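Provided below are the primary sequence and the corresponding predicted coordinates.
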Amino acid sequence: MNTSTLDAFITHEPPHIHVTPPAKAFGHASSETQHPPRIHSSQAAESYPLHQLPKHGPAPATSTATATDAPTLSETAFARDEAGAESAEPTQSVLVPYMNRWRFLAACLMNMGNGLNDGAPGALIPYMEKYYDIGYAIVSLIFVGNAVGFITAAFFVDALRARLSRARLMAVAQGCMLAAYVPLVVGAPFPVVVLSFFFLGFGMATNLTLNTLFCGSLRNGTTALGALHGAYGLGGTIGPILATALVSATGTRYWFRFYLVPMALAAFSLFFSAWAFWNYEKDDSTVAEHDAEPTMGSAKARLVSMFHALRRRLVFLGALFVFAYQGAEVSISGWVISFLADARHVENPQAVGYVTAGFWAGITVGRFVLSTLGQKVGERLFVYVMTAGAAAFQLLVWFVPNIVGNAVSLAVVGLLLGPIYPCAATVFLRGMSSKSRTSGIAIITAFGSSGGALAPFATGMIAQASGTWVLHPIALTLFACMIGCWVFLSSRSKRED
């Protein structure tokens, strides 16, 4: 090896670095020892054997640095992988690019429609029971249909998104919901109503997954998710108010006319969301990167990856957390009026029909106002505090024998529950790589949100035998499950993908 080659191996000469392959360098070192490089006297005191060169020793007199001070190829690759694994600052916001403001509005409108669907049954169940002459257990089947729709969506949403694009899939989701409203608005037989709730669940799970991914990927994602789910709470607030008002105006026999409102909203959202998201993949390079031309093989691969995603700790615990959260939220909304009518001896459900609206109003305010506070305080600690506070006020609803006190306590429960979902969704998204987010969030949304159907169903079944007071121990058990899941989720803060 000649002198210049060895010097290039030892020294760093910016801007160009010449790296000699180690095998070649060491392989010929012994054969060329008769031609040692000349070293200036100022460098002689700092000379070392090649394999013992110091990383952070005194710098030589010249301006050059040793090669070991520069990152090696493996270190550079590792740093690049680490940087890719960490969540970089998103380049898009609600306002940039311009179409995002319309996309965000479309997402909020769709989620408000979801809130209308989840908020109304609590006020309508007493009238549905009379209309179909059924009890708590049978009417609870609407929640089962909803749950099956949510779970079914989990198996297909990722593959459908790759095959159809986001805009087309949103149109399909809204189309499913639009078709589901047709039997509802004509007061179809109860088995058909249960089937309608299946299609509602499928459409809701699909648009919720896509909209959560969209808002969570924006700058200040926690705030965007808070607004998105605040729109859901707004729909949940309007739902029982509108349902109670329509029943009072048209008579208890025409409870189903309420569904004309979400039907109109679904029809509008179908076209609006398709227009807003039409070129979304072109605007977001990260989405275009992962949405290669879909084939049957890639769809099958995505389906398999979804099953693998369920085995990941973050996804499994996240789904269980949201299952408990949605279960508590919808169980309280769906059965608290029946509880007040039974336990507080209220003969006319219309007298307490607006209590559910107070609960959803609390959720709405919590998501719009407290989500930003959660981002500042830290989502992990914030979820603990909010869940414990909600459990405390739920006890007041159970044990304080006063309707006004119950209504106020229930509104506070909603206020404290409101910011939990957006804060949790932010933590979930941080723990996933961009490639695994769709399948991961689809599972968390679908299997998790099915808790909003199965828990109310279980509450109705048990209430049929024991009374509606069982709502409260069920809700408190679900709160405890949330805290347990959050403990294990918080113990692993690093990305799992």
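In hand now; what should we look at? Residues are numbered from 1 along each chain as shown.

so how far is the helix or strand where Gly122 lies off the chain centroid?
Using DSSP states H and E, Gly122 maps to helix 121-132. Put simply, helix 121-132 sits 31 Å off its chain's centre (Cα atoms, centre = their mean, to the nearest Å).

Can you list the buried residues in that helix?
By neighbour count on 16 or more other Cβ atoms under 10 Å, the buried set for helix 121-132 is Pro121, Gly122, Ala123, Leu124, Ile125, Pro126, Tyr127, Met128, Tyr131. The way it works is simple: take the backbone N, C-alpha and C, and place the C-beta from them, glycine included.

residues making contact with the next helix or strand after that helix?
Past helix 121-132, further along toward the C-terminus, the next helix or strand under DSSP H and E is helix 136-139. Outside of helix 136-139, the residues that reach it under the criterion Cβ atoms under 8 Å, 6 or more residues apart in numbering are Ile125, Met128, Glu129, Tyr132, Phe190, Ser338, Gly460, Met461, Ala463, Gln464, Thr468.

Check stretch 323-331 too.
Under the contact criterion Cβ under 8 Å, 6+ apart, stretch 323-331 has outside partners 118, 143, 363, 417, 420-421, 424, 447-456, 459, 471, 474-475, 478-479, 481-482, 485.

circling back: pull out the CA atoms of the helix holding Gly122 and give them to me as PDB.
Only the C-alpha atoms of helix 121-132 are listed here, as PDB (Å, rounded to 0.1, in the frame of the first residue of the first chain):
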ATOM      1  CA  PRO A 121     -80.600   4.900  20.500                       C
ATOM      2  CA  GLY A 122     -80.500   5.900  24.200                       C
ATOM      3  CA  ALA A 123     -83.500   8.200  23.600                       C
ATOM      4  CA  LEU A 124     -85.200   5.900  21.100                       C
ATOM      5  CA  ILE A 125     -84.900   2.600  22.900                       C
ATOM      6  CA  PRO A 126     -88.000   3.100  25.100                       C
ATOM      7  CA  TYR A 127     -90.100   3.800  22.000                       C
ATOM      8  CA  MET A 128     -88.600   1.000  20.000                       C
ATOM      9  CA  GLU A 129     -89.600  -1.400  22.800                       C
ATOM     10  CA  LYS A 130     -93.200  -0.300  22.600                       C
ATOM     11  CA  TYR A 131     -93.300  -0.200  18.800                       C
ATOM     12  CA  TYR A 132     -92.000  -3.700  18.300                       C
END
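
for the record, mean pLDDT for it?
Averaged across helix 121-132, the pLDDT comes to 88.

and if you look at stretch 462-472?
Computed over stretch 462-472, the average pLDDT equals 91.

May I see the buried residues of it?
Judged by neighbour count using 16+ other Cβ under 10 Å, the buried positions of stretch 462-472 are Ile462, Ala463, Gln464, Thr468, Val470, Leu471, His472.

Can you measure across it, start residue to end residue?
When the termini of stretch 462-472 are compared using Cα to Cα, to the nearest Å, they are 12 Å apart.

can you pull the contacts of the closest residue to Leu417 other than its chain neighbours?
Beyond its immediate neighbours in the sequence, the residue positioned closest to Leu417 (Cβ to Cβ, 6 or more residues apart in numbering) is Ala390, lying 5.1 Å away. The contact partners of Ala390, by Cβ under 8 Å, 6+ apart, come to Val413, Leu416, Leu417, Phe479.

same check, this time on Cys215
When the contact criterion is Cβ under 8 Å, 6+ apart, the partners of Cys215 are Phe104, Ala107, Gly221, Ala224, Leu225, Ala227, Leu228.

For the first one, give its distance to Gln375.
To tie it back to what came earlier, the one meant is Phe104. 17 Å (Cβ to Cβ, to the nearest Å).

Let's verify Met273: helix, strand, or coil?
I think there's a mix-up here, since residue 273 is Ser and not Met. Taken by DSSP: H, G, I helix; E, B strand; the rest coil, the conformation at Ser273 corresponds to helix.

and it, how many neighbours?
Per other Cβ atoms under 10 Å, the neighbour tally for Ser273 reads 27.

pLDDT value on it, please?
Predicted confidence (pLDDT) at Ser273: the value is 95.

Could you report the separation of it from Ala249?
From Ser273 over to Ala249 (counting by Cβ to Cβ), the distance is 31 Å.

Next: Phe428.
Summarising the geometry, the distance separating Phe428 from Ala249, computed by Cβ to Cβ, is 42 Å.

Good, wrapping up.
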